[in-house]
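J.: Please work out how this folds:
(chains A and B)
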Amino acid sequence: MKKVFVGAGLSVLLLVLTSSSLFAQATASMVANGDFEQGVLNEWTLYGNNNGQELTKYQVLPSVTTWCNKWRPGSNRGNGGIQQDVYMIGGVPYQFDMDIAIKCSC
Amino acid sequence: MSDGGNFDVTINGVLIAQNKAGYVPDSTTPKRSHMSGTYTPTSTGLHELKIYNYRNAPRTALLNYIEDILLVPAGADLTIDPSNISVAAAGSATLTLDLGPAHAGENYIILAGASSSPNFMLDGVLIHLAYDFIFQYSLSNKNTAMFSNTYGVLDASGQATATFNTFGALPHLMGNNYSFCGLGLSSGGVRPITWASNPVLLNMIP
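T.: Next up, the predicted model:
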């Protein structure tokens, strides 16, 4: 959050916004389709060996079933991944978080 | 990597998070885990986020699931959930402002833009929204059914919750991204801006 000192009202703000005092700045973005909840891999690009990769609904908790991006790294699978380009502002710290689940009857 | 490697997460080739929990013997229910990390880009622009799943050849029955991935400015004041709305049917997203008790009772407004670029600086405040039709529309339609509770007063915890509703299928918006940003407004008639939140992005998907 940026603390500021501004002497203009909101109505004045809108007038100012149309003036030449505006200038383009960088923008920020978040990961798109980071929860896979539509059941599609839109916004992501597969790379490497994605044999065995799929989107599937999975019960990660007794009461929670959610769309997941499933990987099967055994045998000749794995060694691949998903990627996407995200727009980030230089000098701004970003927090990354990812929930995963692991299962093996091995 | 030996038996145990699951996921590496990199941005521009820099490792920011890693899970080496490996397999869970005789697991009939998944072992859930959380990965986290921080990254500060040195330049503005597109940065390559990669999530890599390592081969674990001996474990033919091993399954690795990615549930949710989130990347936001650290210490974000504004969050959105979900960050995707299907254009095929009515949908909504919850916008949550959380500025802490020190901001209790302050006035706020949450505005939208068809893009967060170009954003603009106003007297030292960087507002992560484009000044476009959507910006003006969200301002004119604050606290309506579409932009519910987008203008009001932060509660005792310095929090507020607003909702964006689409009310129906909007196929022509497929592929669009909309940005939202919260602004603090002082009390009084002129309502000067006192702070600006981080932006959040809403994706319109199939």
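J.: Next, give phi and psi for the closest residue to A:Asn42 other than its chain neighbours.
T.: Spatial nearest neighbour of A:Asn42, chain neighbours left out: A:Asn33 (5.2 Å); criterion: C-beta to C-beta, 6 or more residues apart in numbering or on different chains. C-beta here means a position set from N, CA and C on the backbone, and glycine is covered the same way. As for A:Asn33, its main-chain torsions (degrees, to the nearest 10) stand at phi 50, psi 50.
J.: for the one 10 residues further on, same thing?
T.: Comment: the main-chain dihedrals of A:Glu43 come out as phi 80, psi -20, following degrees, to the nearest 10.
J.: Also the one 3 residues further on?
T.: Geometry field for A:Leu46 lists phi and psi as phi -80, psi 150, criterion degrees, to the nearest 10.
J.: burial count for it?
T.: Per other C-beta atoms under 10 Å in any protein chain shown, the neighbour tally for A:Leu46 reads 13.
J.: can you give me the strands for chain A?
T.: A:2-3, A:45-48, A:54-61, A:64-71, A:80-88, A:94-103 (DSSP state E).
J.: To B:Gly184, which of these lies closest?
T.: For B:Gly184, the closest of the strands of chain A is strand A:2-3, at 9.1 Å, according to C-beta to C-beta.
J.: right, so of the strands of chain A, which gets closest to B:Ser197?
T.: Taking C-beta to C-beta, strand A:2-3 is the member of the strands of chain A nearest to B:Ser197, at 8.8 Å.
J.: can you list the weak-confidence ranges in chain A?
T.: For chain A, the stretches flagged by pLDDT under 70 are A:1-29, A:60-64, A:106.
J.: beta partners for B:Gly45?
T.: Judged by DSSP bridges, the bridge partners of B:Gly45 are A:Met88.
J.: cool, B:Gln159 as well?
T.: For B:Gln159, the beta-bridge partners under DSSP bridges are B:Asp98.
J.: What's the local residue count around residue 54?
T.: Answering for chain A, as no chain was given. Counted with other C-beta under 10 Å, the neighbours of A:Glu54 add up to 11.
J.: wait, chain B
T.: For B:Tyr54, the neighbour count with other C-beta under 10 Å is 23.
J.: picking that back up, closest one to B:Leu97 among the strands of chain A?
T.: Across the strands of chain A, B:Leu97 has its closest neighbour in strand A:2-3 (14.3 Å, C-beta to C-beta).
J.: so, in contact with chain A or not, the biggest strand by length in chain B?
T.: As assigned by DSSP E, the longest strand anywhere in chain B is strand B:193-205. Yes. Applying C-beta under 8 Å from any C-beta of the partner chain, one finds that strand B:193-205 is in contact with chain A at B:Ile193, B:Thr194, B:Trp195, B:Ala196, B:Ser197, B:Asn198, B:Pro199, B:Val200, B:Leu201, B:Asn203, B:Ile205.
J.: can I get the strands of chain A in CSV with distance to B:Arg59?
T.: Below are these laid out as CSV (distance: least, C-beta to C-beta, whole Å):
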stretch, distance to B:Arg59
strand A:2-3, 48
strand A:45-48, 18
strand A:54-61, 18
strand A:64-71, 12
strand A:80-88, 16
strand A:94-103, 10
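J.: And those: which comes nearest B:Leu99?
T.: B:Leu99 lies closest to strand A:2-3 among the strands of chain A, at 10.8 Å (C-beta to C-beta).
J.: contacts for stretch B:162-177?
T.: By C-beta atoms under 8 Å, 6 or more residues apart in numbering or on different chains, the surrounding residues in contact with stretch B:162-177 are A:29, A:32, B:85, B:87-97, B:110, B:112, B:114-115, B:145-150, B:180, B:201-206.
J.: now the end-to-end length of that stretch.
T.: One end of stretch B:162-177 sits 18 Å from the other (C-alpha to C-alpha, to the nearest Å).
J.: try stretch B:52-65
T.: For stretch B:52-65, the separation between the terminal residues is 12 Å (C-alpha to C-alpha).
J.: same thing with stretch B:93-109?
T.: Distance across stretch B:93-109, first residue to last, is 16 Å (C-alpha to C-alpha).
J.: Buried by neighbour count: which residues of it qualify?
T.: Residues of stretch B:93-109 classed as buried by neighbour count (16 or more other C-beta atoms under 10 Å in any protein chain shown): B:Ala93, B:Leu95, B:Thr96, B:Leu97, B:Asp98, B:Leu99, B:His103, B:Glu106, B:Asn107, B:Tyr108, B:Ile109.
J.: now swap in stretch A:77-91 and tell me
T.: A:Arg77, A:Gly78, A:Asn79, A:Gly80, A:Gly81, A:Ile82, A:Gln84, A:Val86, A:Tyr87, A:Met88, A:Ile89.
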